[in-house]
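**Q** coordinates for the following, if possible.
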Amino acid sequence: MTVSQIQTGDPFAFLYPHQFIALKTYRRDGNAVATTVWFAHDEQGKIYITTNRNAGKIKRVRNNGRVTMMPSGRTGELLGEQEVEGRAHEAMEGERAHARAVLEQKYGEAFTRIAGPDTLERTYIIINPVTTA
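**A** Sure, this is the predicted structure:
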């Protein structure tokens, strides 16, 4: 665990200062697929990502909610060696506005320009920490 994780009790805390993460989603055969994405977090320690509704990563999340994340640069270069696991799901209708607001708060006008209007073509992924019993 990093100092930020210990101080906050948040397993995702070391990701927050970064602009991008390498998000690994898992195929049916168990092989990981890494994708560099923008992300943002909220006060409850959830991570939010947006993507096209037909993107491979959302299809993999729908099939298997296990994801792993690591800080990365814009072009996918990994920043560090620590990876953290989470459980992902596609945002339900009632969660979409909050997901978009969290991403807009972090990325501002750049997010709005790139993501465009909230349409049926766009969806959101919500990632929760994996809890250990």
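
**Q** buried sites along the longest helix that the chain contains?
**A** In the chain, assigned by DSSP state H, the helix with the most residues is helix 93-115. Using 16 or more other CB atoms under 10 Å as the test for burial, helix 93-115 gives 96, 99-100, 102-103, 106-107, 111, 115. No exception for glycine: its C-beta is placed from N, CA and C like everyone else's.

**Q** contact partners of that helix?
**A** If you take CB atoms under 8 Å, 6 or more residues apart in numbering as the criterion, helix 93-115 is touched by 38-42, 48-50, 91, 118, 122-124, 126.

**Q** which one among these sits at the bottom for pLDDT?
**A** Among the contacts of helix 93-115, Asp118 has the lowest pLDDT, at 70.

**Q** following the helix or strand bottoming out on mean pLDDT in the chain, which helix or strand comes up?
**A** When each helix and strand of the chain is scored by mean pLDDT, DSSP states H and E, helix 3-8 comes last, with a mean of 50. Sequence order places strand 20-26 as the next helix or strand after helix 3-8, per DSSP states H and E.

**Q** hey, C-alpha coordinates of that following strand in PDB?
**A** C-alpha atoms of strand 20-26 as PDB (Å, rounded to 0.1, in the frame of the first residue of the first chain):
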ATOM      1  CA  PHE A  20      -5.000   8.700 -17.300                       C
ATOM      2  CA  ILE A  21      -5.100   5.100 -16.200                       C
ATOM      3  CA  ALA A  22      -4.400   1.900 -18.000                       C
ATOM      4  CA  LEU A  23      -7.700   0.000 -17.500                       C
ATOM      5  CA  LYS A  24      -7.600  -3.700 -17.900                       C
ATOM      6  CA  THR A  25     -10.800  -5.500 -18.700                       C
ATOM      7  CA  TYR A  26     -11.000  -9.300 -19.100                       C
END
